[in-house]
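S.K.: here is my input, please return the structure:
(chains A and B)
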Protein chains: 2
Amino acid sequence: MNNKPTRVVLYGAGLMGAVIIRYLLEKGFELAGVIDNNPELVGKDAGTVAGLERELGVPISADAEAVLSQGADIAVLTLLSLMTDMEPFFAACARHGVNAISTCEEAFFPQTTSPEITERLDALAKEHGVTLTGSGYQDVYWGNLATVIAGSTQQMTALEGVSSYNVDDYGIALAKVHGVGMTPEEFAREVADANVPSFAMNVPGWIASQLGLHMTGISQVLMPAYSDHPVKSTTLGREIQPGQALGMAARATATTREGIDIVMEVRGVVYEPGDVDLNSWVITGEPTTKVDVDKPNTVELTCATVVNRIPQVIAAPAGFTTVELLPPARYLPTLDQR
Amino acid sequence: MNNKPTRVVLYGAGLMGAVIIRYLLEKGFELAGVIDNNPELVGKDAGTVAGLERELGVPISADAEAVLSQGADIAVLTLLSLMTDMEPFFAACARHGVNAISTCEEAFFPQTTSPEITERLDALAKEHGVTLTGSGYQDVYWGNLATVIAGSTQQMTALEGVSSYNVDDYGIALAKVHGVGMTPEEFAREVADANVPSFAMNVPGWIASQLGLHMTGISQVLMPAYSDHPVKSTTLGREIQPGQALGMAARATATTREGIDIVMEVRGVVYEPGDVDLNSWVITGEPTTKVDVDKPNTVELTCATVVNRIPQVIAAPAGFTTVELLPPARYLPTLDQR
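M.R.: Here you go, the predicted structure:
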C-alpha cells in the first residue's frame, strides 16, 4: 500500500457494509465501487451511506457486472449467511479476477457443510488465479482465540466455546436464519427441519483443520428462544410477540480421532436493553484454561477483522482458502498512524 | 516425529524441568540427556526427578559438555531469567550444533534489553546453523493473546496487559530477580538500582515487532510488595517477615511512532492461600476489547508452550530467532491421542 492503493469493491451496503466503507478509507484502501440492489440505496453516494460528512464520488450501483468489470484487487462481500446463497456472488468475483473475502458465516469453513459448492468455487478461483475466503468475528473469537490457548496446553480433551450476539445488529438475512419472529411451527419448518447448518457447525472443522486433528463426527442441536413479553426488533421493524422466536442458540459437537471434543455454542437473539455480547472458551485438560472476552463489540470486530485480513487474502494462494491456514489476522495501522 | 523421535536435552532439572521431562515423554520426544549441577540431583534418574513411576535410564549429569557432545536436536533450558546469566548456556548449545529453547524470561525478546548478547548469540547460532529462542507462558499470554485481539481491531491507541504469578512456583533464580525476602535497602541495591530489566520490559518490543510498529521509548517502574504479617516461602525455605519484599510488580510503558502505547505489568509475589494467577489485556480503541484468563496455571502453561514449540524451533531459520516471528505455538497431540 506504499505505492498504488489497494482497490476494494464492497458488495452489500447494509448495516455491516456501512461500517466497512469507513474502515476501508481509514486504512488507506481505495473504494473502487459499491454494489447493492436495495432501491433505497442505489444511486446514493457511498459516503452518505457510511454516515461520513463528505461524499466519496462512489454511487451505490445495482449493476454488479459493471462494477466488477472495472477491476479491483478484492471484493468485500457482506451479503448472506449461507453458501447456497453466496455461491453466485463469490463466482462473479472469481470470473472477474477479483479476490473476495466475505462475512458469510458458513464461508468460515464451508468444506463440511457445503462441500460441493466449496469445491466448485475452489476450482473456479484457481482457474482465475484468485483467493476466495470467509472471515469476520468468528475468525478471531471462534477460531484463533481458542487455538492460541490450545498451543499452551499439554494435553487437552475438549475445547468448548460459547458466543452470543444481537441478531438485530446484522440485518435481515442473519435474522432469518436464526428464526427471528417465527412461531414454533415456522421455526421447525424453515430452520430446524430445513437442516440449515448453524454458524456453530463451521467452527469445529476450522479448529480441527488448523490443529491437524481428524473429525470423526459432528452434530448440532438448535434451541429457539421465546420471551414471555413483546420484544422490539429494529431489523424486523416490529415487536416480536410471545410464542415467536427471539432467535436461537445452536450447539455443534464434534468428535475427533484424537479423542478431543470440539464444541461450539452460538446464541443469536434479539437483545433487550442491558443484554451484552459474551464470548468464552474453556480448554479442558492439563491444564484447564478459561478465557472470557468482556462484552465484545461483535459488529465492529467483524468489520475490523475483515479489513485487517485484506492484504493476507490478496497474497494467499489461489482457491477457496479458509483462514485457519493463514497467519492470524494482523492489525493494520490506520492512515493517521503511519 | 513419524520416523526417528526428536532427541531433546533438558538443561536444568528444577521445578520446571521436572514437569518438562514428563511433558516431553507424553508427546513422544526422546529424552537424550538431563544436565544439572545441583549435587542433590546429580546421578539420580530423570524419571525419579520427574516423579514418574518408572526409571528412564537417563541419569542427571553435571557434565554439560559430555551430554551435549552426544548430540541432540534441541535443548530445553530451564535455568535463569536474565540473558547475562544465560549467554554461556545458549552458547554451549550452539557450539554443539544443538537448537535451544529457553524459559528465560528475558530471552522472549532480548533485543532491546541485552542487544550485544543477543547479537553475539545470533552470530554464533548462524555460524553453527541452529536456532536459539525464548518461550513459555509469556509467548501466549503476554504475546499472541494480545496480538490476536489486536487483529480484530480497527483503530487502537493502547494495548495494556496485566499478569500475576506466584514466585514460589519458579525456583530460586526467579525469586531473586523479584527481590523476594529483601529489605527495602537490599531491594533498592540489588533490584531497583541494579537496573535489572523486569520481565515486563521484554513484552512491548515483542508486540511492536510482530505488529510492525516502531518503538520510540520504553521505561519501567518497579513496585516492591510488603505484607504486614509473615508469609511462608517454600522456595526460600523460610518465612518472609514484614519489611521484607514478597516480590514486586513491574510496569513497562512503551511508546511507538504510530501513537500506540504498549503497557505490560507483571506482578510476581509469594502467594498466600487463596491467591490465584490472573492475566488480562485491554485493547483500547475502536472497539475497546478486554480479555481475561481465569486463574491461568502459569507453570503448566509455561512448560506446555515450550514443548509445543519444539518442532517449530527446529524448523526455524538459524539465529537468535524470537517467537513473535514464528506462527503461534500449535497444540501437539500426546502419544495416546495419535
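S.K.: what are the boundaries of the strands in the stretch 51-200 of chain A?
M.R.: For the stretch 51-200 of chain A, the strands defined by DSSP state E, counting those that start in this stretch occupy A:60-61, A:74-77, A:99-102, A:131-134, A:155-166.
S.K.: what about the residue nearest to residue A:276 when sequence neighbours are not counted, neighbour count?
M.R.: Spatially, and ignoring its direct neighbours in sequence, residue A:276 is nearest to residue A:295 (4.5 Å; CB to CB, 6 or more residues apart in numbering or on different chains). (Each C-beta comes from the backbone N, C-alpha and C, glycine too.) Counted with other CB atoms under 10 Å in any protein chain shown, the neighbours of residue A:295 add up to 14.
S.K.: for residue A:242, same thing?
M.R.: Close neighbours of residue A:242, defined as other CB under 10 Å, add up to 10.
S.K.: tell me the phi and psi of it?
M.R.: When read as degrees, to the nearest 10, the backbone of residue A:242 gives phi -50, psi 140.
S.K.: for it, give me its contacts.
M.R.: Listed by CB atoms under 8 Å, 6 or more residues apart in numbering or on different chains, the contact partners of residue A:242 are A:226-230.
S.K.: out of these, which sit inside helices?
M.R.: Secondary structure from DSSP state H places none of those in helices.
S.K.: need these in CSV with pLDDT, neighbour count and distance to residue A:110, can you?
M.R.: Formatted as CSV, the contacts of residue A:242 follow (pLDDT from 0 to 100; neighbours: other CB atoms under 10 Å in any protein chain shown; distance: CB to CB, whole Å):
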residue, pLDDT, neighbour count, distance to residue A:110
A:226, 95, 17, 30
A:227, 92, 16, 33
A:228, 94, 7, 37
A:229, 96, 9, 38
A:230, 96, 12, 36
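S.K.: in strands only, show me these.
M.R.: With DSSP state E as the criterion, strands contain residue A:226 from among these.
S.K.: okay, buried residues for stretch A:64-82 please.
M.R.: For stretch A:64-82, a neighbour-count test (16 or more other CB atoms under 10 Å in any protein chain shown) marks A:64, A:67-68, A:72-82 as buried.
S.K.: in those residues, find the pair that's most separated.
M.R.: By the measure CB to CB, A:73 and A:82 form the most distant pair in the buried residues of stretch A:64-82, at 26.1 Å.
S.K.: kindly export stretch A:172-179 (C-alpha atoms) in CSV.
M.R.: Included here for stretch A:172-179 are C-alpha records, laid out as CSV according to Å, rounded to 0.1, in the frame of the first residue of the first chain:
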residue,chain,number,x,y,z
ILE,A,172,-32.4,-9.3,7.8
ALA,A,173,-30.5,-12.2,6.3
LEU,A,174,-29.0,-13.2,9.5
ALA,A,175,-32.2,-12.7,11.5
LYS,A,176,-34.0,-15.1,9.1
VAL,A,177,-31.6,-18.0,9.6
HIS,A,178,-32.0,-17.5,13.3
GLY,A,179,-35.8,-17.9,13.0
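S.K.: average model confidence for it?
M.R.: Stretch A:172-179 shows a mean pLDDT of 88.
S.K.: how much space between the residue nearest to residue A:74 when sequence neighbours are not counted and residue A:108?
M.R.: Setting aside the residues directly before and after it, residue A:74 is nearest to residue A:99 in space (CB to CB, 6+ apart), at 4.2 Å. For residue A:99, the distance to residue A:108 equals 17 Å [CB to CB, to the nearest Å].
S.K.: grab the nearest non-local neighbour of residue A:46.
M.R.: residue A:58 (4.2 Å).
S.K.: next one: residue A:199
M.R.: residue A:105 (4.3 Å).
S.K.: thinking again about what came up before, quick one: closest of the strands of the stretch 51-200 of chain A to residue B:149.
M.R.: Among the strands of the stretch 51-200 of chain A, the nearest to residue B:149 by CB to CB is strand A:155-166 (14.6 Å).
S.K.: returning to what we had before: out of the contacts of residue A:242, who's nearest chain B?
M.R.: residue A:227 (27.5 Å; CB to the nearest CB).
S.K.: just say helix, strand or coil for the nearest residue to that closest one once chain neighbours are set aside.
M.R.: Leaving out its chain neighbours, the residue that sits closest to residue A:227 by CB to CB, 6+ apart is residue A:246, at 5.6 Å. When classified by DSSP: H, G, I helix; E, B strand; the rest coil, residue A:246 comes out as strand.
S.K.: next, the contact list for residue A:246, please.
M.R.: Going by CB under 8 Å, 6+ apart, residue A:246 touches A:180, A:225-227, A:231, A:240, A:269-270.
S.K.: how about the residues of the stretch 1-150 of chain A by chain B?
M.R.: Contact residues (CB under 8 Å from any CB of the partner chain) of the stretch 1-150 of chain A with chain B: A:23, A:26-27, A:137, A:139-141, A:144-145, A:147-150.
S.K.: just the buried residues of the residues you listed.
M.R.: Buried by 16+ other CB under 10 Å: A:23, A:26-27, A:137, A:139-141, A:144-145, A:147-150, out of the residues of the stretch 1-150 of chain A next to chain B.
S.K.: format those residues as a markdown table; extra columns: pLDDT and distance to residue A:338.
M.R.: What follows is those, written out as a markdown table (pLDDT from 0 to 100; distance: CB to CB, whole Å):
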| residue | pLDDT | distance to residue A:338 |
| --- | --- | --- |
| A:23 | 98 | 15 |
| A:26 | 98 | 11 |
| A:27 | 97 | 10 |
| A:137 | 97 | 26 |
| A:139 | 98 | 24 |
| A:140 | 98 | 23 |
| A:141 | 98 | 27 |
| A:144 | 98 | 25 |
| A:145 | 98 | 27 |
| A:147 | 98 | 30 |
| A:148 | 98 | 27 |
| A:149 | 98 | 32 |
| A:150 | 98 | 34 |
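S.K.: could you dump those residues to TSV with distance to residue A:307?
M.R.: As requested, these are exported to TSV (distance: CB to CB, whole Å):
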residue	distance to residue A:307
A:23	5
A:26	9
A:27	6
A:137	13
A:139	12
A:140	13
A:141	16
A:144	16
A:145	19
A:147	22
A:148	21
A:149	25
A:150	26
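S.K.: who wins for neighbours among the contacts of residue A:246?
M.R.: Neighbour counts for those (other CB under 10 Å) peak at residue A:180, which has 28 neighbours.
S.K.: wait, it sits on residue A:245?
M.R.: Yes. If you go by CB atoms under 8 Å, residue A:180 and residue A:245 touch, sitting 6.3 Å apart.
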